[in-house]
Structures are given as C-alpha cells and as structure tokens.
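Chemist: need the 3D shape of this:
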Amino acid sequence: MSRSVRSPVARAVGVVLVANACFLALSLVTLAPRETVVRRIQTAFAAGELGDADYTPFDARRGWHQYNDCLLLQLLSNENPSQVQRALAPTIYSHSGADRKCALLRALVSAPTDRDTLVRSQYARYWHGSRVPVALGLRRLELAQVRTLLAGAVWLAIGMLALAAYKSGPRTRLTGLSIALTAATVWALPYFAPGLTHGPGDAALLLGLVVVIAWPRVTIDFRGIVPYAAAFGCVIAFFEMLTGQLPIAAAWLAALTLASNRDQGQAGAVVDARVAAPTAVAAFAVGAAATLLIKQAIAVSLTEPGVIDQFASNLRHYMSVPDYERGWPGMLEPFGRLFRKSGNLTYGHAVAGYVLVVAMVFTWLASAIRGWRARHDDPWPDRLVVLGAALIPAVWVLVLPNHTYIHAGFMVRILVAPLALAPVALFWPTQRDTPGAGPSATGREAA
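Modeler: Now for the predicted structure:
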C-alpha cells in the first residue's frame, strides 16, 4: 500500500478509535442522577409536555415521535445494576402485548409498578448518543426547555449552513443553499427538531456539513477527505437510532464534497472531485459501521454477551422484505409506503406531498437527460455524481426495507436528500458559467 493511501487510512483509523473512546467517556460521565430525571419526567406529565400518546402528528411543541422520547427517558430513568450498564446496555421495560411506551413511562415514574409483569431487556443496539445532550439538559432544565434548546440548535445550524454557503464558490453556494432551503421547508423540522432522538442528530448532521463548506480544503486531498468523512460517520452513528440521518448525511456530504472540491480547483486540489465525493461516502460508511460494531463489542465485553444476539436479531428483522400490500411487490412496498407518507413533509397536505415527490422524480430525470445530451462536456460527470448521491436513500431502503416500511412515518424524511440534490444536478454550473475556481475560493486561498 502506497504512502499516499496509508496515511489517510491510518488517520481515519485513529479518528474512529478516538471518537469511540470519546463516546464511551461521554456515555459514562454525562448521565444525570436518576432521581433528577424521574422528577423532570413527573413534572413533564403534569404540565402536558408528555402524554400517553406515543405519536403526536404535527405537534410542533412536543414533537411527533413521542414513542422514541419516552423510550429515551426510560433509558435515563430505569434502575440498573451499575453505571456502566446504565450507559452501555440500559434496562428497558415493555408490555408483552401492545407496546405503549409513554403510558408505560408514566406508570413507571408515577406509582409503584409490578415490574415482574413486564418484559425486561437490555437496550444496547445503539450508542443512544442523544442521551448525552438530553441528560446534560435535564440536570438543570425541565423537559420543555430542553426541547426548545434542541429545536433552536437545529434552526441555528440551518442558518449557519446557509450563511457559509452564501459566502462560498458557485457550486458550493448552489448546493449548500439548496440543502438549507430543503431542510428548512420540507424536512418536517417543526415536528421533529424538538424530539429527543431526532433533534440532536439533525443538528449534528447540519453542523458537519458546515465544516465542509467553511473549511473546503478538507475536500482537496485524501488526507483531509478520508479522516473527516470517517469522523462525520462516527458522529452521525453515535446519534442515530435508525431515524434516517445516516443516508441523508451521506448524500449531502457527497454533493458538498464535489462542490467544494470543484470550487477549490485552482487552489491546489490534489484529488479530482469525481473521486473525492465517492471516497467521502465510503469513508463515511466505514466510520459509521465501525462505530456500531465497536459499540456492540464494548457492550458485550463490559455488560452481557446476550446483547449481540438482540442486535443481530433486530438487524435481520429490519433487512427482511415486508409482506405485500395493495399489490406492490415486496421490495417496492417500502417505496410505495414512503410515497403515501409524503404528506408528512408538507405539513399534512397529502396532495402537496405527492406533487413534491413527483416533481423531484421529474427533476432528477430532467437532470439525467440534460447530462446525457452534454455527455461529451465536462459537467456531465459532475452531474452524474450529484444524481448518484441523490439515490443513496434508495439504497438505504433496499438494504433495510422492512425498517423503512414499519417506520415510514418518520423515515419519509430521507426524501429530503434527493429533494435537495435533484435541482442541484439540473442547475449545476458549467465551465462557461464559472471559468475559474470562484472569487470566494480565490479569496480564501490568497488570505
């Protein structure tokens, strides 16, 4: 292996190991005292910030996915034999029949409950990184205030992304502003940003993209691309509970890597943009997968061996093909269900959601046709990369079809990736439009 490849790979391995060591330390030291968490939960139920409903559609104050919120609060409030188990394999209780997480949480914190009648397990499938900001917040704040801070962090990150993109070169400006506009309008943020498991991951995703725009030289050679993308994958996997941030982050990272590299073309780019973008996606995927595997290894070694069987069982379940419904073949059923849930992106207007998705498909096709007609010109390979990045969520659905089908109500948010990138591919600047690297890139290099 040549030194030019060895160095980035070694950096990436180091970054992944350091990141996961930090995740372990954060998981252990940031947990709020159980009594404090229980008191905050009791106050939230009394104030109406929590209720018995597991899903509260189009609720901009509490968030839509209360099931996950109540699950996370259980992980923070249930008793465990040790601090290590509480951090790595926390106890979770479920009903043997209907699994109503919020009603069960109320029962667990409000009155003595016969826990022998409940199903008890160790929930070690993820890092549950969202517990870190939530636990820190609950030390001093009530649940409503924590939710306000989470929503504010997501909107602030969008503003930072838009500002950084506006001051960048033409391709980065187009890509960054399209992502920021899509995130602000059709990512259903009012209903998910206040969520305890959605808000932290959404904010981390956007801030990671800001780094690519603000420091574009990270995209011009393997020594920057590989370790940064791997670190970004680690961070998203830390917060991710299969809530959709991974495919969105990979798609947007690919497009912004391409754009930033192109805009830095005259400032010393070593790696061609069409190589840099897929390299970033590969490093991102490896970083995310390594983080999940390291978490399982730590949990097995420090808690109990059975957690790996739970992880494998759930993964097989999520990767299985769902049953037919309404005539859709099994592998197409998740896509059909996402289409039927597209109104969740348009504030409950189903027809508007259908129109949005159809417009996205036609924009993608128009971009492909335009690229084919100009296939002998330089912009065609760039458009191909952007169009390929837009299809990353489709690959995700093919890998985890049953998970997408079951959780289409919030997994529909992965459609924001192609919604943002299809118009970027259509209006990708040609060399005639941008004869140089762009004034911003030149200015930064001169500085």
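
Chemist: give me the below-cutoff pLDDT ranges for the stretch 1-150 of the chain.
Modeler: 1-6, 96-98, 112-114 (pLDDT under 70).

Chemist: burial count for the closest residue to Val226 other than its chain neighbours?
Modeler: Closest residue to Val226 apart from its sequence neighbours, by CB to CB, 6 or more residues apart in numbering: Pro8 at 3.8 Å. C-betas here are computed from N, CA, C, even on glycine. Using other CB atoms under 10 Å, Pro8 is surrounded by 23 other residues.

Chemist: likewise the one 4 residues further on?
Modeler: Other residues near Ala12 come to 25 when the count uses other CB under 10 Å.

Chemist: does it touch Phe284 like I think?
Modeler: No. Contact between Ala12 and Phe284 fails when scored by CB atoms under 8 Å: they sit 10.4 Å apart.

Chemist: what ranges do the strands span in the stretch 1-150 of the chain?
Modeler: 91-94, 119-122 (DSSP state E, counting those that start in this stretch).

Chemist: how about the helices in the stretch 1-150 of the chain?
Modeler: Here the stretch 1-150 of the chain has its helices, by DSSP state H, counting those that start in this stretch, at 3-29, 34-47, 66-77, 83-88, 101-110, 131-140, 143-166.

Chemist: quick check: which of these is nearest to Ala250?
Modeler: When the helices of the stretch 1-150 of the chain are compared by CB to CB, helix 3-29 sits nearest Ala250, at 15.6 Å.

Chemist: please identify the buried residues of the closest one?
Modeler: 7-9, 11-13, 15-16, 19-20, 23-24, 26-27 (16 or more other CB atoms under 10 Å).

Chemist: what of stretch 371-391?
Modeler: 371, 379-380, 382-390.

Chemist: return the member of these nearest to Ala288.
Modeler: Ala389 (16.0 Å).

Chemist: these two touch, right, the closest one and Ala277?
Modeler: Yes. When contacts are counted by CB under 8 Å, Ala389 is listed as touching Ala277 (6.9 Å).

Chemist: can I get the buried residues of helix 3-29 in JSON lines with distance to Leu332?
Modeler: Below are the buried residues of helix 3-29 laid out as JSON lines (distance: CB to CB, whole Å):
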{"residue": "Ser7", "distance to Leu332": "44"}
{"residue": "Pro8", "distance to Leu332": "39"}
{"residue": "Val9", "distance to Leu332": "38"}
{"residue": "Arg11", "distance to Leu332": "41"}
{"residue": "Ala12", "distance to Leu332": "36"}
{"residue": "Val13", "distance to Leu332": "39"}
{"residue": "Val15", "distance to Leu332": "38"}
{"residue": "Val16", "distance to Leu332": "36"}
{"residue": "Ala19", "distance to Leu332": "37"}
{"residue": "Asn20", "distance to Leu332": "37"}
{"residue": "Phe23", "distance to Leu332": "37"}
{"residue": "Leu24", "distance to Leu332": "41"}
{"residue": "Leu26", "distance to Leu332": "41"}
{"residue": "Ser27", "distance to Leu332": "39"}
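
Chemist: right, I'll call it a day here.
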